[in-house]
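>>> this is a predicted model, with the sequence first.
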Amino acid sequence: MWEPELPRPLPACILQEVFSTAPIYDLILCDLSPRTLVWLSRTCRRAHEAVTHFTRRAYNINRHLSRYFPDPLAFRSLQARTGLVISGSNALQFLDRSFYPESDLDLYAHPGHVYEALEWLDSVGYKFQPESWQQQDWHDEVSADWDGTARRVDRHGQMMINHEPNMEYSDVAGVYTFKRSVAMDTETVVLKVQIIATKCNPIQTITQFHSTCVMNIITFNAAYSFYPVATFEERMAIQIPGSNQLDAVAKYVQRGWRVYAVFGPEHAARPQLFLLDEKRWVGDRHCWSIPLDTTGVTPRPQLSISSEHFSWDPSIENGWIMECGGYSTAAATHVPKIRTHLVMITIFRYNYSYPDEKLAQAIRDWSLSQGQLNHTQLTRQNWIWFDAEIPRFRSSHGQKCTNYRRR
């Protein structure tokens, strides 16, 4: 019986030539998924070099942001200074190497940094577009005088912050829309940027999004996807209950994502898709993390003269856990729930959300004595911020858990 002849392997010299010529290997690599790129980079030195060079060009954040800002480095310096986070469809496009012409740029701001972000947008030519319930001048909407030393939660643990009506997420305090008309090629394009003021912090808000496919962020120095296997390899997402953005879910279905309302058998058989009941952190081993070139980005300044300086982005010290009833047949129809434990304390400039209740409680307990000193001995002008201690608490808590498991 006749059998077709197996294809002969390409000579090594041809493969070396392919992976040494950028115009050639770019045509190959541009159609590969992120995981396939990683696998290819591990095959040989020449392929690794080609993938590295391609990735550097494909994920050029300054080029990506130049559509919205004439000076991307100035914007990224604003990010470094304030912890401003890019998320939504723009972060998805960056990681997916795709482009949605009709999409806008969503920026998530920490409490106390909204005024500075709006002021910066105003300075680069964007104009405020108020909603029907907002004042015509954004200065009448947002105060420049944010008091981080004031109590942030009431005695019931509820966040002490007012929010605008018609908010689609309970963790959002307000949304401020800005637009700018620019000439691109032969047409005039209206660019839209939204500043989303968060009640706690950007990560707490983002993990409550309508579905997991948009749980991706870009900080001043890195891009992260929280569920990369499901989002970019399988093109699937799970809907998160509590959001009323059903139109947004439909939009991503039209863009090619398969959205589930409840967990199914496939999710039970492949736990790496959504990592149920696992404590997650921004930038952990399950995230897809892309370091970004920070050449020309002005680093974060010291918070106060007596506060220990830190250079990391506050978002990386946050986490969450996606819970479900389990992997049994009966539980396969359970819906997901994102759970976090908040640390909103006046001795920290930023608020934090954790997947670990014991860690959150340990930080709260330590803060009682330190907070008493701050509030009885210091003023707003000479306040000491202790955010630099946050990574040490995580490290210490992780070490204690490891020692406990070894017993």
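That came through fine.
>>> show me where the stretch 101-250 of the chain has strands.
Secondary structure of the stretch 101-250 of the chain (DSSP state E, counting those that start in this stretch): strands at 105-109, 127-128, 172-184, 187-198, 216-218, 222-225, 236-238.
>>> closest to residue 57 out of the ones you listed?
strand 222-225 (14.7 Å; Cβ to Cβ). C-beta: built from backbone N, CA, C; applies to glycine.
>>> just give me the longest helix of this structure.
helix 357-377 (DSSP state H).
>>> just the CA trace of that helix, in CSV.
Coordinates of each C-alpha in helix 357-377 appear next as CSV, following Å, rounded to 0.1, in the frame of the first residue of the first chain:
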residue,chain,number,x,y,z
GLU,A,357,-7.6,37.0,55.7
LYS,A,358,-4.9,36.2,58.2
LEU,A,359,-2.4,38.4,56.4
ALA,A,360,-4.9,41.3,56.2
GLN,A,361,-5.7,40.9,59.9
ALA,A,362,-2.0,40.8,60.9
ILE,A,363,-1.4,44.1,59.1
ARG,A,364,-4.5,45.6,60.8
ASP,A,365,-3.3,44.5,64.2
TRP,A,366,0.2,46.0,63.7
SER,A,367,-1.4,49.2,62.5
LEU,A,368,-3.4,49.8,65.7
SER,A,369,-0.3,50.8,67.7
GLN,A,370,1.4,52.6,64.9
GLY,A,371,-1.7,54.4,64.0
GLN,A,372,-2.1,55.6,67.6
LEU,A,373,1.4,57.1,67.4
ASN,A,374,0.7,58.8,64.1
HIS,A,375,-2.7,60.3,65.1
THR,A,376,-1.5,61.5,68.5
GLN,A,377,1.9,62.8,67.6
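>>> how about residues contacting that helix?
149, 341-343, 345-348, 352, 354, 383-384, 386, 390, 393-394, 397 (Cβ atoms under 8 Å, 6 or more residues apart in numbering).
>>> contacts only, for residue 287.
Under the criterion of Cβ under 8 Å, 6+ apart, the neighbours of residue 287 are 224, 225, 226, 228.
>>> including distance to residue 124, neighbour count and pLDDT, could the residues you listed go into TSV?
Below are those laid out as TSV (distance: Cβ to Cβ, whole Å; neighbours: other Cβ atoms under 10 Å; pLDDT from 0 to 100):
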residue	distance to residue 124	neighbour count	pLDDT
224	26	24	98
225	28	25	97
226	30	28	97
228	32	21	95
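>>> from the residues you listed, pick the one nearest residue 114.
residue 224 (22.5 Å).
>>> beta partners of that closest one?
For residue 224, the beta-bridge partners under DSSP bridges are residue 217, residue 289.
>>> residues contacting it?
Counting by Cβ under 8 Å, 6+ apart, the residues that residue 224 touches are 216, 217, 218, 282, 283, 287, 288, 289, 290.
>>> any idea which of the strands of the stretch 101-250 of the chain is most buried?
strand 216-218 (a mean of 27; mean count of other Cβ atoms under 10 Å).
>>> including distance to residue 98, could the strands of the stretch 101-250 of the chain go into JSON lines?
Below are those laid out as JSON lines (distance: least, Cβ to Cβ, whole Å):
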{"stretch": "strand 105-109", "distance to residue 98": "15"}
{"stretch": "strand 127-128", "distance to residue 98": "28"}
{"stretch": "strand 172-184", "distance to residue 98": "18"}
{"stretch": "strand 187-198", "distance to residue 98": "18"}
{"stretch": "strand 216-218", "distance to residue 98": "12"}
{"stretch": "strand 222-225", "distance to residue 98": "13"}
{"stretch": "strand 236-238", "distance to residue 98": "15"}
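>>> quickly find the element holding the residue nearest to residue 16 when sequence neighbours are not counted.
Of all residues not flanking residue 16 in the chain, residue 46 sits nearest, at 5.4 Å (Cβ to Cβ, 6 or more residues apart in numbering). Following DSSP states H and E, one finds residue 46 within helix 45-58.
>>> residue 80 versus residue 100, what's the distance?
Distance, residue 100 to residue 80, by Cβ to Cβ, to the nearest Å: 27 Å.
>>> neighbour-wise, which of the two wins?
Under the criterion of other Cβ atoms under 10 Å, the comparison of residue 100 against residue 80 puts residue 80 first, with 20 against 13.
>>> what is the neighbour count of the closest residue to that one other than its chain neighbours?
Closest residue in space to residue 80, ignoring its immediate chain neighbours: residue 220 at 4.0 Å, by Cβ to Cβ, 6+ apart. By the measure other Cβ under 10 Å, the count of residues near residue 220 is 25.
>>> for residue 339, phi and psi?
Geometry field for residue 339 lists phi and psi as phi -120, psi 140, criterion degrees, to the nearest 10.
>>> identify the bridge partners of it.
residue 321.
>>> wait, it touches residue 324, no?
No. Counting by Cβ atoms under 8 Å, residue 339 stays clear of residue 324, with 10.9 Å between them.
>>> looking at these two, which is more packed in?
Between residue 339 and residue 324, counted using other Cβ under 10 Å, the more crowded position is residue 324 (19 against 15).
>>> name the nearest residue to residue 218, sequence neighbours excluded.
Residue 218 sits nearest to residue 86 (Cβ to Cβ, 6+ apart), 4.0 Å away.
>>> please read the previous query as pertaining to residue 41.
Distances taken as Cβ to Cβ, 6+ apart place residue 51 nearest to residue 41, at 3.9 Å, with adjacent residues excluded.
>>> report how many residues lie close to the one you found.
Around residue 51 there are 23 residues (other Cβ under 10 Å).
>>> which residues does it contact?
29, 37, 38, 40, 41.
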